[in-house]
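Participant: Structure for this input, please:
(one chain, ligands or ions: 1)
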Amino acid sequence: MCLLYRLCACNESTAVFVLESMGVLGMIDYGFVVVHVPHASLEIPEQYLASILLSPAQLWREKRRMTDAFCDELYDAPEFPTRVIAKYSRFVCDVERFRDDKLEPRAKFGQGLMYTRTTFARRLRYRDDSLRNMILRQVYDPHHEKLTAAVENSLDRYGHCLIIDGHSFPTLTPVKPLGIFSRPDFDIGTDSYHTPDGLRDTLCNKAQELGYSVKVNTPFSGAITPMKFYQKDKRVYSIMIETNRRLYMNSKDITKSAGFNKTRETCFDLMRCAADWVMATR
Ligand SMILES: [Zn+2]
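Facilitator: Numbering: from 1, shown residues only. Next up, the predicted model:
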């Protein structure tokens with residue numbers, strides 16, 4: 001929601017509170033937060049498209065399933081201006097994966113940083129070391145250099161950093177009567193080293209308070225940390241927020257739904273809640 005619109009609807013003291021909570025008056029400084037959005041882009045430039053073996057229709061279906069569409073907007077709260085957003089589709093390069101395939105659990109399914117298989121194990125492209133090296137050089141490494149620099153900058157200025165890893169996940173139709181595949185509204189992803197239990201619990205409580213169902217590391221787990229700090233530096237906090245796409249988009253044609261603005265405000269609330277927890281415990 002636009003700031004001016006919000007201010008028109010409230011009295012002066014509320015306006016000050018809104019401005020404070022948005023960091024506009026400089027009373028709350030959320031500069032230690034780095035927002036990371038790896039999977040929102042649908043863009044596949046020509047030079048990377050050539051290696052993909054799927055038909056345009058197959059690729060569209062796969063992109064529809066795998067793209068966290070609109071997450072670049074869903075998590076763009078104005079208080080958190082430091083954002084590292086992947087420029088290209090995960091079918092060019094999945095920047096959320098480990099650089100080394102030996103460390104990456106999804107690599108054995110053909111879904112390391114350069115996908116060779118689709119979700120359902122269809123051949124997506126052939127293994128090609130020179131292509132992989134090009135992707136590392138042109139996409140993966142520059143993205144991680146940017147993320148690492150943003151974290152370093154937060155550590156230098158504030159002595160700590162919170163990475164908020166922003167994703168979404170597809171809704172699966174519940175299978176009755178077992179109810180398997182019933183997915184929550186939000187999934188909070190954690191890392192055993194970089195996500196304190198208190199941060200995880202506070203965020204889960206906040207989501208429930210706002211009326212949403214929430215699970216931890218379900219359906220997806222983890223939260224990104226640059227390798228320079230990974231499991232080495234406790235000053236770097238990391239947490240993943242995953243939003244169920246049924247809350248904000250029509251997955252069939254990749255368009256925003258009527259729930260988009262409300263869900264975006266909820267994501268902003270969750271982000272502020274995480275940042276406030278870190279501030280309060282430092
Ligand atoms: Zn994602």
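Participant: SS state for the closest residue to the ion within the stretch 101-250 of the chain?
Facilitator: Of all residues in the stretch 101-250 of the chain, His167 sits closest to the ion, at 3.4 Å by Cβ to the ion. The way it works is simple: take the backbone N, C-alpha and C, and place the C-beta from them, glycine included. With DSSP: H, G, I helix; E, B strand; the rest coil as the basis, the three-state label of His167 is strand.
Participant: Could you pick out the residues of the protein near the ion for me?
Facilitator: For the chain, the residues in contact with the ion (Cβ under 5 Å from the ion) are His39, Asp68, His167.
Participant: CSV for the residues you listed, including pLDDT?
Facilitator: As requested, the residues of the chain next to the ion are arranged in CSV below (pLDDT from 0 to 100):
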residue, pLDDT
His39, 98
Asp68, 98
His167, 98
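Participant: With neighbour count added, can I get the residues you listed in TSV?
Facilitator: Below are the residues of the chain next to the ion laid out as TSV (neighbours: other Cβ atoms under 10 Å):
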residue	neighbour count
His39	21
Asp68	24
His167	23
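Participant: Out of those residues, which is nearest to Lys108?
Facilitator: Nearest to Lys108, judged by Cβ to Cβ, of those is His39 at 20.4 Å.
Participant: three-state assignment of that closest one?
Facilitator: Classification of His39 by three-state DSSP places it in coil.
Participant: For it, list the residues it contacts.
Facilitator: When contacts are counted by Cβ atoms under 8 Å, 6 or more residues apart in numbering, His39 touches Met66, Thr67, Asp68, Cys71, Ala86, Arg90, Asp94, Glu96, His167.
Participant: low pLDDT regions in the stretch 101-250 of the chain?
Facilitator: For the stretch 101-250 of the chain, the stretches flagged by pLDDT under 70 are 173-181.
Participant: now the helices for it?
Facilitator: 129-135, 141-158, 197-209 (DSSP state H, counting those that start in this stretch).
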